[in-house]
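**Q** this is the structure alone, sequence omitted:
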Ligand SMILES: C[S@@+](CC[C@H](N)C(=O)[O-])C[C@H]1O[C@@H](n2cnc3c(N)ncnc32)[C@H](O)[C@@H]1O
């Protein structure tokens, strides 16, 4: 295992990222425990694509926005070595303590914004530009400057390598007496939490909030994969009749609409599967999910935090006091470097 670092730009208040900057290993352990776990079937979709397009070598993967390395670790099942990069140095320091040591030996951690990964000396040359078989961007793309980041991913990959960008949204309740009612109770709580974070408009972080919201409401269709640089673009969308937004538009102080930058010749596969990434959650698990999606909200809520506690108790009662099955909306973009 090795860790290389680079300077990061001055921070402004941005979605998720700045709220998690002072996080320690305990925060990231809770983060991993509270998030949905992508099914092995999901990683096989990526691997099936990788082995049937371009060059199917599986020597090196790079997990961009790796956070505590939870997805990088999953990639070790398919790749000999995995690089995990992130703008958050504390997440990278926490990662090796959360991953078994024998696996850490097969990993390299790089402290860098995604947009800067091609700069000289940032990624060690033996796992750097033109060497990567697979670039994965898990739960991170809406946080990035897409054109700059896509240039970096293109440079990291070797010709015929695979780019896999994915993002999941809110839990969708699929069992219990009235799943639609549970969905609306969740939405009411999440939308209130988002409103505690306002203002977005007029702050230095506004462009980050705007591009994030646009990516989520667009189910990543706003991310262009120009045909001059990428081949065989496939966009999977599981359950995206529910968008990737964690809360309703009413929680924001600006308007935004879906943007579609898909090109002719791309394939979109829409799948409705309410067992996708299926899990069973109780009200406390929903609460810990919300705590990790909106890292700094409790402090910002002040006295109004009690309203969230009340909302969770209402949800608990509607869930019958126990666990309810949940599924997720997930969008995955696959593309091959030309
Ligand atoms: C929601 S977490 C995702 C962590 C992990 N990939 C997962 O799927 O659970 C988003 C991560 O993206 C990172 N991130 C945000 N902006 C970034 C940037 N410009 N460059 C690299 N990483 C960034 C954050 O620090 C954070 O670790």
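**A** Thanks, I have the structure now. Owing to the predicted nature of the structure, the values given are computational and were not obtained by experimental measurement.

**Q** count the residues that sit near residue 41.
**A** Here the number of neighbours of residue 41 (other Cβ atoms under 10 Å) works out to 9. Any C-beta I mention is one placed from the backbone N, CA and C, and that applies to glycine too.

**Q** helix, strand or coil for it?
**A** Under the three-state scheme (DSSP: H, G, I helix; E, B strand; the rest coil), residue 41 adopts helix.

**Q** again, but for residue 332
**A** Under three-state DSSP, residue 332 comes out as strand.

**Q** next one: it from residue 242, what distance?
**A** Distance of residue 332 to residue 242, given as Cβ to Cβ, to the nearest Å: 16 Å.

**Q** out of the two, which sits in the busier spot?
**A** residue 332 (22 against 16).

**Q** residues contacting the more buried one?
**A** Residue 332 makes contacts with 42, 45-46, 164-166, 235-238, as judged by Cβ atoms under 8 Å, 6 or more residues apart in numbering.

**Q** ends of stretch 81-96, what's the gap?
**A** 15 Å (Cα to Cα, to the nearest Å).

**Q** now find how far off-centre it is within its chain.
**A** 15 Å (Cα atoms, centre = their mean, to the nearest Å).

**Q** same check on stretch 154-174?
**A** That offset, for stretch 154-174, works out to 9 Å (Cα atoms, centre = their mean).

**Q** could I get the full set of helices for the stretch 101-250 of the chain?
**A** 101-104, 146-156, 179-196, 206-217 (DSSP state H, counting those that start in this stretch).

**Q** name the residues of the first one that are buried.
**A** What it means is helix 101-104. 103-104 (16 or more other Cβ atoms under 10 Å).

**Q** heads up, I number from 53, so please use that
**A** Renumbered: residue one is now 53, and that last one reads helix 153-156.

**Q** okay if I get the helices of the stretch 153-302 of the chain as JSON lines plus mean pLDDT and distance to the ligand?
**A** Shown next, in JSON lines, are the helices of the stretch 153-302 of the chain (pLDDT from 0 to 100; distance: least, Cβ to the nearest ligand atom, whole Å):
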{"stretch": "helix 153-156", "mean pLDDT": "98", "distance to the ligand": "16"}
{"stretch": "helix 198-208", "mean pLDDT": "98", "distance to the ligand": "7"}
{"stretch": "helix 231-248", "mean pLDDT": "98", "distance to the ligand": "15"}
{"stretch": "helix 258-269", "mean pLDDT": "97", "distance to the ligand": "9"}
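
**Q** can you list those in TSV and add distance to residue 304?
**A** Putting the helices of the stretch 153-302 of the chain into TSV (distance: least, Cβ to Cβ, whole Å) gives the following:
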stretch	distance to residue 304
helix 153-156	39
helix 198-208	20
helix 231-248	7
helix 258-269	6
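
**Q** what parts of the stretch 53-202 of the chain come near the ligand?
**A** 68-69, 87, 117-119, 122-123, 138-140, 143, 165-167, 190-192, 195-196 (Cβ under 6 Å from any ligand atom).

**Q** how long is stretch 170-190 end to end?
**A** This stretch, stretch 170-190, spans 19 Å end to end (Cα to Cα).

**Q** please apply the same query to stretch 376-390.
**A** 44 Å.

**Q** cool, stretch 330-340 as well?
**A** 17 Å.

**Q** pull out the buried residues from it.
**A** Applying 16+ other Cβ under 10 Å to stretch 330-340 flags 333, 335, 337-340 as buried.

**Q** how far off centre is it?
**A** The answer for stretch 330-340 is 18 Å, by Cα atoms, centre = their mean.

**Q** measure how buried the closest residue to residue 313 other than its chain neighbours is and give me the count.
**A** Distances taken as Cβ to Cβ, 6 or more residues apart in numbering put residue 276 closest to residue 313, at 3.9 Å, once the chain neighbours are dropped. Residues lying near residue 276 (other Cβ under 10 Å) number 17.

**Q** and for the one 10 residues further on?
**A** Residues near residue 286, counting by other Cβ under 10 Å, number 17.

**Q** give the contact list for it.
**A** 101, 318-321, 385-387.

**Q** give me the subset of those residues lying in strands.
**A** 319-321, 385-387 (DSSP state E).

**Q** so what does the longest strand along the chain touch, helix or strand wise?
**A** The strand that spans the most residues within the chain, counting by DSSP E, is strand 209-220. Here strand 209-220 touches helix 92-104, strand 184-190, strand 382-389, going by 3 or more Cβ pairs under 8 Å, 6 or more residues apart in numbering; DSSP states H and E.

**Q** would you list those in a markdown table and tack on mean pLDDT?
**A** Formatted as a markdown table, those follow (pLDDT from 0 to 100):
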| stretch | mean pLDDT |
| --- | --- |
| helix 92-104 | 98 |
| strand 184-190 | 98 |
| strand 382-389 | 98 |
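
**Q** ok, which of the ones you listed comes nearest residue 111?
**A** With respect to residue 111, and counting by Cβ to Cβ, the nearest of those is strand 184-190 at 5.8 Å.
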